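Undergrad: Could you work out the structure for the sequence below:
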Amino acid sequence: MKNLIIIAICAVTLIACHNANNGAKAPNVSVGNEKKAIIPSADAPIIAFEREVFDFGKIVEGEKVQHDFKFINKGKTPLIITEAIATCGCTMPEVPKEPILPGGEGTVKVIFSSQGKMGIQDKVITITSNANPSQSMVHLVGEVVEKN
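TA: Have a look, this model is predicted:
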């Protein structure tokens, strides 16, 4: 009976925490030793990708694919990319370290290793920045076929 009460309390606490965090999440930027939330505004940067999906076609298992997702900052203030996260460890994104000025261009370099991967692939890279909206996604898609 005691365990049942503890489980019920834990469940209610988890539900309350989930509901409190259900709103939109603003990205964080390190300022000194603390992290500050970036809140997009009307003057915020706007990240516009040339292509949001790159189809690499068919490759043999073990090959690597590299693609640069080109973008433009169409906003009124500098664009700061804080992170890029891929759906799995086989895909490594690399983002610009310097701010991209309004009208400026940049690239998100992505390398996909097909080692141990077979079949149709859709690798999603989520880019977090101070842009409006704060998260953008690009896709690396294709098919990995077996070595002969």
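
Undergrad: What is the burial count for Lys147?
TA: 7 (other Cβ atoms under 10 Å). For the C-beta atoms, the positions are set from N, CA and C on the backbone; glycine is no exception.

Undergrad: so it makes contact with Glu63?
TA: No - counting by Cβ atoms under 8 Å, Lys147 does not reach Glu63; the two are 9.6 Å apart.

Undergrad: At which residues are the helices of this structure located?
TA: Here the chain has its helices, by DSSP state H, at 2-20.

Undergrad: middle-most residue in it, spatially?
TA: Thr126 (1.4 Å; Cα atoms, centre = their mean).

Undergrad: so what's that one up against?
TA: 84-86, 135-137 (Cβ atoms under 8 Å, 6 or more residues apart in numbering).

Undergrad: Just give me how far stretch 44-61 sits from the chain centre.
TA: Stretch 44-61 sits 12 Å away from the centroid of its parent chain (Cα atoms, centre = their mean, to the nearest Å).

Undergrad: how far does that stretch stretch from start to finish?
TA: Distance across stretch 44-61, first residue to last, is 42 Å (Cα to Cα, to the nearest Å).

Undergrad: mean confidence for stretch 65-79?
TA: Stretch 65-79 shows a mean pLDDT of 96.

Undergrad: For the protein, just list every one of the strands.
TA: All strands of the chain, identified by DSSP state E, fall at 28-31, 34-37, 47-49, 53-60, 64-73, 81-86, 91-94, 105-113, 119-129, 135-145.

Undergrad: on that earlier part again, any idea what the residue nearest to the centre of the chain is bridged to?
TA: Ile85, Met137 (DSSP bridges).

Undergrad: Distance check, it against Glu143.
TA: 23 Å (Cβ to Cβ, to the nearest Å).

Undergrad: And for Val60?
TA: Val60 is 10 Å from Glu143, by Cβ to Cβ.
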